[in-house]
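In: Give the three-dimensional model of this entry:
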Amino acid sequence: MKFLKLVLILVCALFAFESYAQSSADLKRKRERLNNELEDLNREYQETLKNKKATIKQLNILKAQISLREEKINTVNSEIRLLNGQINENTNTVHTLQGQLEQLKKEYAAMVVFAYHNKSAYNKLMFVFASTDFNQAYKRLKYLQQFGTYRERQAASIQGTQKDLNVKINQLDRTKNEKSNLLQEQKKEKETLGKEQNNQAAVVQDLSKQEGTLKKQQRTLMAQRRQIDRQIQATIAREVAAARRKAEAEARAEAARQAALAANKARAENKSAAEIAEAAKPKPITRSTVTEALTATPEAAKLNNDFMGNKGLLPWPVATGQITQDFGPYVSDGIRNDNHGIDIRTSSGATARAVFEGTVISINDISGTYMVLIRHGSFITAYANLKSVSVSDGQKVNTRQAIGSVATDPFTGETVIHFELNKAGAIINPKTWLASQ
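Out: Predicted structure coming up:
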């Protein structure tokens, strides 16, 4: 039973370690990604410092740094909590193994004492010959043999338990060292975060002198967003109307064909003229919903289902970038805005790409930049703030195909793509559809 208990303890520890290793690896990968993003932001921020006057780009970079820094601190905290759990678990395992080892040593010591008192061959022979009959003598002989074998097994168990104990102690030491390093990193990140928050406050104070210009920029941005929304809705309405006209024309043609067949059948059955006329009337056409209109063809329906099947797996509209403004309402510089998509800051000259295969249904000029709309069944993706476009209206595109280059704002110096997702006229948060970076 004691051996079985030890095995169960080791098996549970093994499963826990595998789970810990997987979670720890995920957190380490996330921390490395955040480190890379923070390094990129720091390089950009150092470039902006060449301009002695505070800029919106400086403020936005600082905001992004603070957000990523807080996320990294939370990630480090999660790693520390995970390590604390592993330390507690390994400590308990070490105590259990130590207790098991002590018990094995006591049992072995007792056997050694017994063996010492009965070490002479004469004592062993007397023990066997003192039996009352042959069966008892045979059993006593087997007992002596089994006793020797058991001693060997106990010695092997002691060695194995000692080895497991050493492994766990070494693992515990490594985990404690890893925790110590993480605590140092956490302390450093908190100090850096405080400096960045102070820098942000200084930049905000400097930018407050440019309040009129900033609010003008915000109003311009809001006007652009409204124009984007109007263009998207107008394009969807046009697509739906065209799809409905086509579907209804096909439905009318099919209804007329069915009516002609019914009339011919009525004539063949020598029915009255009134009955023939009634049979010749086409059946009324039911108006399709927006989704039905946009997925009327087998190709559109398949594309629509394929798109839905890739929720959470779609590639980003740019190869690398960070979300600077999330989906939904927000307030910036005292002005309330509502983002129907997400804004992704990327590198200068970055290429915009389709997140899924589909057909380009519209290319619009939005205040000097371009917006491309791509239809995927009943889903439509929008890519705004493009400096140039490399596709044409009606062109079929593949997943990750380049559709243009992202524009850089001359005032803020930032390269940001605005990305939206729409399903049959309904606005959807695109972040939940994109793959995690």
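In: in stretch 428-437, what counts as buried?
Out: For stretch 428-437, burial by neighbour count (16 or more other CB atoms under 10 Å) applies to 428, 429, 430, 431, 433, 434. For glycine as for every other residue, the C-beta is placed from the backbone atoms N, C-alpha and C.
In: what sits against the last one?
Out: Neighbouring residues of residue 434 by CB atoms under 8 Å, 6 or more residues apart in numbering: 312, 314, 315, 316, 355.
In: Also the first one?
Out: The contact partners of residue 428, by CB under 8 Å, 6+ apart, come to 421, 422.
In: Distance of it relative to residue 205?
Out: 38 Å (CB to CB, to the nearest Å).
In: do the last one as well
Out: Separation of residue 434 from residue 205 (CB to CB) stands at 36 Å.
In: ok, now residue 95?
Out: In this view, residue 95 and residue 205 are 57 Å apart by CB to CB.
In: Also residue 238?
Out: Distance of residue 238 to residue 205, given as CB to CB: 48 Å.
In: What sits closest to residue 301 if chain neighbours are left out?
Out: Leaving aside its sequence neighbours, residue 301 sits nearest to residue 295 (CB to CB, 6 or more residues apart in numbering; 4.5 Å).
In: Which stretches in the stretch 251-400 of the chain count as strands?
Out: Ranges of strands in the stretch 251-400 of the chain, per DSSP state E, counting those that start in this stretch, are 322-325, 328-332, 335-339, 342-346, 351-353, 358-366, 369-376, 379-389, 396-397.
In: Pipe these into JSON lines and attach mean neighbour count, mean pLDDT and distance to residue 176 per row.
Out: Listed next are the strands of the stretch 251-400 of the chain as JSON lines, based on neighbours: other CB atoms under 10 Å; pLDDT from 0 to 100; distance: least, CB to CB, whole Å:
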{"stretch": "strand 322-325", "mean neighbour count": "17", "mean pLDDT": "86", "distance to residue 176": "34"}
{"stretch": "strand 328-332", "mean neighbour count": "11", "mean pLDDT": "75", "distance to residue 176": "43"}
{"stretch": "strand 335-339", "mean neighbour count": "14", "mean pLDDT": "74", "distance to residue 176": "45"}
{"stretch": "strand 342-346", "mean neighbour count": "23", "mean pLDDT": "91", "distance to residue 176": "39"}
{"stretch": "strand 351-353", "mean neighbour count": "23", "mean pLDDT": "96", "distance to residue 176": "46"}
{"stretch": "strand 358-366", "mean neighbour count": "18", "mean pLDDT": "90", "distance to residue 176": "53"}
{"stretch": "strand 369-376", "mean neighbour count": "23", "mean pLDDT": "92", "distance to residue 176": "52"}
{"stretch": "strand 379-389", "mean neighbour count": "22", "mean pLDDT": "94", "distance to residue 176": "49"}
{"stretch": "strand 396-397", "mean neighbour count": "16", "mean pLDDT": "96", "distance to residue 176": "54"}
